[in-house]
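In: sequence unknown, structure follows:
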């Protein structure tokens, strides 16, 4: 029953993300899409993968993607991309690798602090868990992951008011940096 | 309605302090039933305001002026819209509390919330009911986001 609910809700969220009545609705719809993708089974996801990735791509590559009015919605789209990258990863699948690479290259998030804290924490957790999506044979992904972590750290060091890691995230960052220095 | 909004707002703030599901099942159940009753009441009030607003909007300017002079302030078009906003504050806070309860109590509350509260929002989300205010659809999307995040695999919405 939950799977059916996820499928129905996802289709509707895709409609709202394609033609949002407002930026707030776009932001909430794309956040919901990310959550749905994280929880739906891979069979259901594969049926809508192309459509969802296109929706996210349109948001992230829009000319005004990082304008003051759109930046938070865009970062929720990046968060959705991250959830797809980690939780719908398929081994030896070129698109899965491209999605992960794109996600990592778009970090760090700096506008929607709530989303930033969640997404950065997710990245750090998955690094510590040695998620196969990051630790595959693709060296570009590994390099991009390292760069993303260092960029998050650099951003915080440069601006103490940038609350892009919560306390849990900061503790995870310490562990990840320790591992990287070994 | 202002009192209701204030009470729900305080409840939402109180729940923010909870990291564990420490409220008894009875308390949570009573809260959800209360919010469900509020939603039912607010839905009826909203319908009445929609009719009043429509009546006023359909009038020509002269008739509008007659009505606005004749009736109490509460029937004035502008005040009807303000009343709408006040209704919606309650709907927003209820949505907020539901999300928090789902996060804390998960399967224990999803049946009650799904039956008593979600349909109001889901009607806007699914398109069964046309939104009256812009926020109707936004709140509906937000609560669906919470359902997607916190619902168990056994839920039957």
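Out: The structure has been received and is ready for your questions. In this text the structure is predicted, and so the values were computed from the model without any measurement.
In: use CA for all of it now, contacts and neighbours both
Out: OK.
In: residue ranges for the helices of chain A, please.
Out: Using DSSP state H, the helices of chain A run over A:2-18, A:23-39, A:42-60, A:71-87, A:94-105, A:113-128, A:139-158, A:167-181.
In: Give the buried residues for the fifth one.
Out: For helix A:94-105, the neighbour count (16 or more other Cα atoms under 10 Å in any protein chain shown) marks A:96-97, A:99-104 as buried.
In: Could you do the third one as well?
Out: Within helix A:42-60, the residues that count as buried by 16+ other Cα under 10 Å are A:45, A:49, A:52-53, A:55-57, A:59-60.
In: now do the last one
Out: If you call a residue buried by 16+ other Cα under 10 Å, then helix A:167-181 has these buried ones: A:169-170, A:172-173, A:176.
In: quick one on the thing from earlier: with distance to chain B as extra columns, can I get the helices of chain A in a markdown table?
Out: Below are the helices of chain A laid out as a markdown table (distance: least, Cα to the nearest Cα, whole Å):
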| stretch | distance to chain B |
| --- | --- |
| helix A:2-18 | 5 |
| helix A:23-39 | 5 |
| helix A:42-60 | 15 |
| helix A:71-87 | 12 |
| helix A:94-105 | 21 |
| helix A:113-128 | 13 |
| helix A:139-158 | 26 |
| helix A:167-181 | 15 |
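In: mind putting those helices in CSV, mean pLDDT included?
Out: Listed next are these as CSV, based on pLDDT from 0 to 100:
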stretch, mean pLDDT
helix A:2-18, 92
helix A:23-39, 96
helix A:42-60, 96
helix A:71-87, 97
helix A:94-105, 96
helix A:113-128, 96
helix A:139-158, 95
helix A:167-181, 93
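In: picking up where we left off before, closest to residue B:90 out of the buried residues of helix A:167-181?
Out: Set against residue B:90, the nearest of those by Cα to Cα is residue A:169 (33.8 Å).
In: Show me what from chain B comes close to chain A.
Out: By Cα under 8 Å from any Cα of the partner chain, the residues of chain B that approach chain A are B:125-126, B:137-138, B:141-142, B:144-145, B:148-149, B:151-157.
In: Those residues in helices, which ones?
Out: Those of the residues of chain B next to chain A lying in helices (DSSP H): B:125-126, B:137-138, B:141-142, B:144-145, B:148-149.
In: Tell me which residue is most central in the chain.
Out: Because you didn't say which chain, this covers chain A. Among the residues of chain A, residue A:82 comes closest to the average C-alpha position under Cα atoms, centre = their mean, at 2.3 Å.
In: Correction: the question concerned chain B.
Out: Geometric centre of chain B, nearest residue: residue B:91, 2.2 Å, by Cα atoms, centre = their mean.
In: so who does that one touch?
Out: Listed by Cα atoms under 8 Å, 6 or more residues apart in numbering or on different chains, the contact partners of residue B:91 are B:39, B:42.
In: In chain B, which residue sits nearest chain A?
Out: Closest to chain A within chain B is residue B:145: 4.7 Å, counting by Cα to the nearest Cα.
In: if we can go back for a sec, quick check: which element contains the residue nearest to the centre of chain B?
Out: Assigned by DSSP states H and E, residue B:91 falls within helix B:77-105.
In: Check the offset of that helix from the chain's centre.
Out: A distance of 4 Å separates the centroid of the chain from that of helix B:77-105, by Cα atoms, centre = their mean, to the nearest Å.
In: Mind checking the pLDDT average for the next helix or strand after it?
Out: Going down the chain from helix B:77-105, the next helix or strand is helix B:107-116, by DSSP H and E. In this model, helix B:107-116 carries a mean pLDDT of 88.
In: Identify each buried residue in helix B:107-116, please.
Out: For helix B:107-116, burial by neighbour count (16+ other Cα under 10 Å) applies to B:107, B:109-114, B:116.
In: Then stretch A:9-28?
Out: Neighbour counts over stretch A:9-28 (16+ other Cα under 10 Å) mark A:9-10, A:12-14, A:16-18, A:20, A:23-28 as buried.
In: Stretch B:87-107 now?
Out: Residues B:87-107 are the ones in stretch B:87-107 that count as buried (16+ other Cα under 10 Å).
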